[in-house]
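Visitor: Provided below for reference: sequence and predicted model.
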Amino acid sequence: MSIRLFLSPLIFILISFLLIALVPNKKIKIVATSLVFNDGKYEFQDELITIYPNETAVLIIDPWDIVEEPRGEIIDGYKNKVANNIGLVLSPALKKFREINLKILVASYVSFDLVDERILNNENINLAFINEGYGIQKQVDLFNAYLKKNNINTIIYAGYSADGCLLSRPIGALRMLDEVDRVIVLKDSIVAKEYDYTIDKELMKEISINMIEKHANGYSTYSKEFF
């Protein structure tokens, strides 16, 4: 009887370690870009960083299938850019993200009715949630609790629009720079609300990405780096 009492906890511990070892968390090396201020000017700097999948989440902010501004205006070309980005880049990437064990989250500020069905109904999504109805700090607290519970310290951002929701939501990229170890923006999985004179070169998107890259723990990269 005493032998059983001694072995049971020991076996339990050994099994626990074995299960942890079996969970895939193979580290991934990716090339990421940061913006460094040097000798009076900003310079782009590429570096090789390590990603641990079990500690990383992809957060898709407001992937809505509407593209109107509050007054109803739609800049030529923006609607097609969003539709093409979701269909040709973001949706196919989700399956590959799950294959390497990244958690995939979808956050919509209002009703899921606005979310593009190719994202909302994607079988690779781990969690979809709505922020509406909560104050700013409550949104941050709830999201931080989820990150802590799941041991997530790196957030990879995708979604729309880069110059608005993705940066400025309470759980957007700018605020999360102060909450997690590392924030990474997927350059090929975001679209900004451009002006008619910026859309050809996507200048608003580039400036939005720069706002993350210039922080010590902010980076940008492409989805292909993970595959």
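Guide: Here it is on my side, so go on. Keep in mind it's a predicted model, so treat the numbers as computed, not measured.
Visitor: And the strands in this protein?
Guide: Applying DSSP state E to the chain gives strands spanning 28-38, 41-51, 56-61, 103-108, 127-130, 154-160, 182-191, 218-221.
Visitor: for the ones you listed, which one sits closest to residue 172?
Guide: For these, the distance to residue 172 is smallest for strand 56-61, at 6.3 Å, taking CB to CB. For the C-beta atoms, the positions are set from N, CA and C on the backbone; glycine is no exception.
Visitor: where does this structure have low pLDDT?
Guide: Applying pLDDT under 70 to the chain flags the ranges 1-25, 66-77, 132-133.
Visitor: mind redoing it with 50?
Guide: Low-confidence segments of the chain, defined by pLDDT under 50, are located at 1-7, 12-13, 16-22.
Visitor: related to what we said a few turns ago, possible to save the strands of the chain as a markdown table with mean neighbour count?
Guide: Output for these, formatted as a markdown table (neighbours: other CB atoms under 10 Å):
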| stretch | mean neighbour count |
| --- | --- |
| strand 28-38 | 15 |
| strand 41-51 | 12 |
| strand 56-61 | 26 |
| strand 103-108 | 23 |
| strand 127-130 | 14 |
| strand 154-160 | 26 |
| strand 182-191 | 24 |
| strand 218-221 | 22 |
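Visitor: Need these in a markdown table (columns: distance to residue 212).
Guide: A markdown table is the format used below for the strands of the chain (distance: least, CB to CB, whole Å):
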| stretch | distance to residue 212 |
| --- | --- |
| strand 28-38 | 9 |
| strand 41-51 | 13 |
| strand 56-61 | 13 |
| strand 103-108 | 17 |
| strand 127-130 | 22 |
| strand 154-160 | 8 |
| strand 182-191 | 5 |
| strand 218-221 | 4 |
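Visitor: now the spatially closest residue to residue 87 that is not a sequence neighbour: how far from residue 158?
Guide: Among residues not flanking residue 87 along the chain, residue 118 sits closest, at 6.5 Å (CB to CB, 6 or more residues apart in numbering). Computed with CB to CB, to the nearest Å, the distance linking residue 118 and residue 158 is 13 Å.
Visitor: got it, and residue 114?
Guide: In terms of CB to CB, residue 114 sits 16 Å off from residue 158.
Visitor: For residue 115, which residues count as its bridge partners?
Guide: Residue 115 forms beta bridges with residue 64, as assigned by DSSP bridges.
Visitor: tell me the contacts of it?
Guide: Going by CB atoms under 8 Å, 6 or more residues apart in numbering, residue 115 touches 62-65, 106, 108, 128.
Visitor: could these go into TSV alongside distance to residue 226?
Guide: Putting the contacts of residue 115 into TSV (distance: CB to CB, whole Å) gives the following:
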residue	distance to residue 226
62	22
63	19
64	25
65	25
106	18
108	24
128	21
